[in-house]
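K.L.:
A predicted structure for the sequence below; I have some questions about it.
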Amino acid sequence: MKQLFHILPALLSLLIGIEVLISCSEDIDTVNINGISSSVLPSSSSIVQNSSSDGNNSSSSNNSNSSSSSDGSSNYSSSDGSSSSKETPLPVPTINLPQSGAYASGYSITIPAATEQGTTVNCETSGAVPNENSSIKSNSQLTVTKNTILQCAYFKAGKPSSKTILRTYIVERLPDLPIVSIAVDPVKMFDGPSAIYKNDYKPGAGCSGSFYSEEEIPMYVDFFEKGADLAWSYPAGIKIHGGCSRKWPKKSVIVSFREKYGQKNLNYKLFPEHPKLTKFKHFMLRNGGNNYENDFIRDMLMSRLTEGLDIDYQKGRAVVVYYNGKYYGIHNLRERTNSDYFETNYNYNENYIDLVKLNGDSKEVNEGGSDADYERILNWLGWPADNSSNKPLADDNKLEQLKDWIDLDNFTNHFQSRIFYQDCDWPAKNMKRWRYNLYARSKWRWFLYDTDHGFGSWGTEVNGCGTMQYITSPTTTPTSSGKSDWPNPPSSTFLIRKLLENQNYRYAFINRFSVLLATYFTPARIKTKIDELMAPIKDEIPKDLERFPRTLLRDIETIRTFGSNRQSKMQDNLTSFFNFGTPVDFTLSVTGSGKVFVHNLLLPEKSVKFKAYPGAPITIRAEGAGFKGWSDGVSAAERTVTITKDSTITANF
């Protein structure tokens with residue numbers, strides 16, 4: 001029996017490895033060379049390469065990273081976005097069309113004739129896929145005077161039409177941002193009675209309209225990096241995304257890659273700052289959510305501020321979107337927060353993810369997932385009775401046991417970030433937790449997303465949100481409108497309340513928070529992140545506001561002011577809530593190549609001065625080769641110090 005016990009971990013690891021290999025092999029059919037699928041772009045022999053000397057093409061090398069293919073197109077039928085006919089369709093058009101990119105206005109294109117007798121080339125510029133009755137045919141002459149999308153296919157009597165090829169010609173002002181050019185049926189998208197992007201919102205109608213459809217429709221997308229450099233061209237599906245933010249004339253959408261469209265995954269480095277992320281099943285084009293009328297950056301700013309804190313969040317960058325050649329302005333290209341996120345970021349098979357979204361006392365669990373394990377933890381802690389006299393975590397041994405079930409560092413960083421952000425639409429809403437359930441000891445972690453109501457979005461003080469009192473309330477926190485069931489029912493604050501019943505966790509909580517205020521959330525770092533997000537879009541904002549008028553620039557100053565003033569207010573709130581005495585300055589430094597941790601939180605800088613409290617002992621740890629001891633003569637790598645006056649301690653390596 002003992003021998004069996006010892007080999008079980010090895011067997012489990014082997015099974016996990018086999019499962020990962022199987023999940024990876026599922027996508028071997030998708031080939032990617034230099035970031036461009038070999039199943040998408042037209043072959044080099046079918047592209048007219050226009051040199052910069054002819055005065056027509058404003059980009060001399062629009063597709064320097066592209067690879068040619070014998071196919072020349074993706075599996076995108078001219079009728080319904082799939083190729084379901086059993087009869088062999090016509091071959092993909094191998095016609096000479098200028099490649100997608102930026103061109104001078106007035107550029108002339110002649111639609112070539114098909115080489116096979118009886119076959120015609122039919123094209124559309126409306127966004128709809130070509131059909132037998134398309135008016136643009138072989139030998140037609142097009143003069144491109146505005147942004148144009150061109151879709152062409154082969155047609156022959158008695159035969160299924162070929163796959164469709166797409167070109168995007170940008171002849172108007174070229175944005176200084178990446179471009180997402182979407183070709184989509186205008187009737188299904190904009191003009192039809194059930195169009196999913198139809199702007200039929202009426203003031204006072206609440207969150208209602210045809211745009212609340214969950215229908216996904218086929219489309220085709222060209223993606224250009226900055227400078228109209230075509231990166232990839234794929235068929236996909238598109239659907240509207242969001243809650244009440246759908247009512248705005250610029251809407252958020254989800255782009256999905258599926259086998260039925262001909263492209264199972266996107267293999268591309270969508271986020272250059274995160275080059276290891278190369279496989280996506282979905283991405284989002286976000287309109288700003290609840291901050292559509294206020295700013296372009298708030299949600300992405302709060303996500304980026306957590307970089308380095310081991311928090312799961314949606315990566316993103318700004319792009320300009322065109323639908324059927326029409327300008328739709330700045331969007332934030334973001335990851336999705338569904339199960340596929342974990343395959344992209346962790347290489348976890350989505351079939352083994354438990355993902356839970358909270359909404360007050362209700363919750364949504366992903367398909368195939370379960371919340372049973374977390375419910376067991378809550379019951380162990382005393383839920384749903386929520387008896388204040390029952391304090392299991394007051395026992396340090398019980399806290400250590402809880403650490404086997406949840407990632408406590410991740411939980412703490414997540415909660416402290418959102419408290420600092422003064423996120424008034426959390427934790428009852430916009431809260432997700434997850435775990436990988438393939439093996440029993442996977443810990444629960446928390447996901448940062450949809451922080452639209454933070455960073456001063458609701459004003460400086462709203463019902464006390466963004467305070468320790470608000471986040472630890474044992475009763476439902478009422479709103480100014482008098483509602484008693486939102487935003488924070490007791491279930492949403494239960495875990496943090498139980499944790500704070502442990503005295504050592506209270507010490508860790510206030511000391512770690514003080515370190516965050518002195519490092520990740522300083523005015524200087526926040527200003528840098530704001531500037532990084534605003535720099536790429538500043539020249540594009542006037543064009544966006546011309547297309548979608550709104551007075552949002554004033555909120556940029558609100559964001560900057562919040563980022564400059566929030567630290568002192570948060571520190572004061574910590575001081576009054578915990579009552580650990582008057583804070584003093586504590587400088588913690590490290591020499592050489594070593595690292596220093598405060599209650600297991602890594603200091604991101606060589607020297608950090610933060611607020612310490614006489615009543616809150618600080619556990620510090622030096623880690624790394626060659627540790628020589630602390631500057632005050634203590635040799636133990638881990639120790640607990642009580643700081644009663646301005647002090648400095650250095651870890652020497």
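P.N.:
Structure's in. What do you need?
K.L.:
and the gap between the residue nearest the centre of the chain and Q263?
P.N.:
Centroid check for the chain by Cα atoms, centre = their mean gives Q314 as the closest residue, at 2.3 Å. Here Q314 is placed at a distance of 22 Å from Q263 (Cβ to Cβ, to the nearest Å). Yep, even glycine has a C-beta here, placed from its N, CA and C like the rest.
K.L.:
Just the helices from the stretch 301-450 of the chain, written as ranges.
P.N.:
Taking DSSP state H, counting those that start in this stretch to define them, one finds helices in the stretch 301-450 of the chain at 340-346, 372-381, 396-403, 408-420.
K.L.:
and if you look at the chain?
P.N.:
Shown for the chain, the helices assigned by DSSP state H span residues 2-25, 186, 298-304, 340-346, 372-381, 396-403, 408-420, 468-471, 490-499, 503-518, 523-534, 541-547, 553-578.
K.L.:
and these, which is most packed in?
P.N.:
Most buried of these, by mean neighbour count (mean count of other Cβ atoms under 10 Å): helix 298-304, with a mean of 24.
K.L.:
distance of the residue nearest to the centre of the chain from Q141?
P.N.:
Here the criterion is Cβ to Cβ. By it, Q314 lies 45 Å from Q141.
K.L.:
just checking, S607 touches V596?
P.N.:
No: applying Cβ atoms under 8 Å, one finds S607 not in contact with V596, separated by 9.6 Å.
K.L.:
shared neighbours, these two?
P.N.:
588-590 (Cβ atoms under 8 Å, 6 or more residues apart in numbering).
K.L.:
In strands only, show me the residues you listed.
P.N.:
In strands, defined here by DSSP state E, the members of the shared contacts of S607 and V596 are 588-590.
K.L.:
just curious, which of those residues is nearest to T519?
P.N.:
Nearest to T519 among these: L588, at 10.8 Å, using Cβ to Cβ.
K.L.:
confidence score at that closest one?
P.N.:
For L588, the pLDDT comes out at 98.
K.L.:
Walking through the stretch 251-400 of the chain, point out its strands one by one.
P.N.:
Assigned by DSSP state E, counting those that start in this stretch, the strands in the stretch 251-400 of the chain fall at 252-256, 266-267, 279-280, 282-286, 312-313, 316-323, 326-334, 353-359, 362-365.
K.L.:
S607 and V596: who's more crowded?
P.N.:
Neighbour count, other Cβ atoms under 10 Å: between S607 and V596, V596 has more, with 25 against 13.
K.L.:
what are the bridge partners for that one, then?
P.N.:
Beta-bridge partners recorded for V596 (DSSP bridges): A622.
K.L.:
what's near enough to touch it?
P.N.:
Listed by Cβ under 8 Å, 6+ apart, the contact set of V596 reads 588-590, 602-603, 620-623, 651.
K.L.:
at 10 Å instead, please
P.N.:
Contacts for V596 (Cβ atoms under 10 Å, 6 or more residues apart in numbering) come out as 588-590, 602-603, 605-608, 620-624, 630, 637, 649-651, 653.
K.L.:
Among those residues, which lie within strands?
P.N.:
Judged by DSSP E, strands contain the following of those: 588-590, 602, 607-608, 620-623, 630, 649-651.
K.L.:
Domain boundaries for the chain, per the record?
P.N.:
Per automatic domain parsing, the structural domains of the chain span 31-336, 352-578, 584-652.
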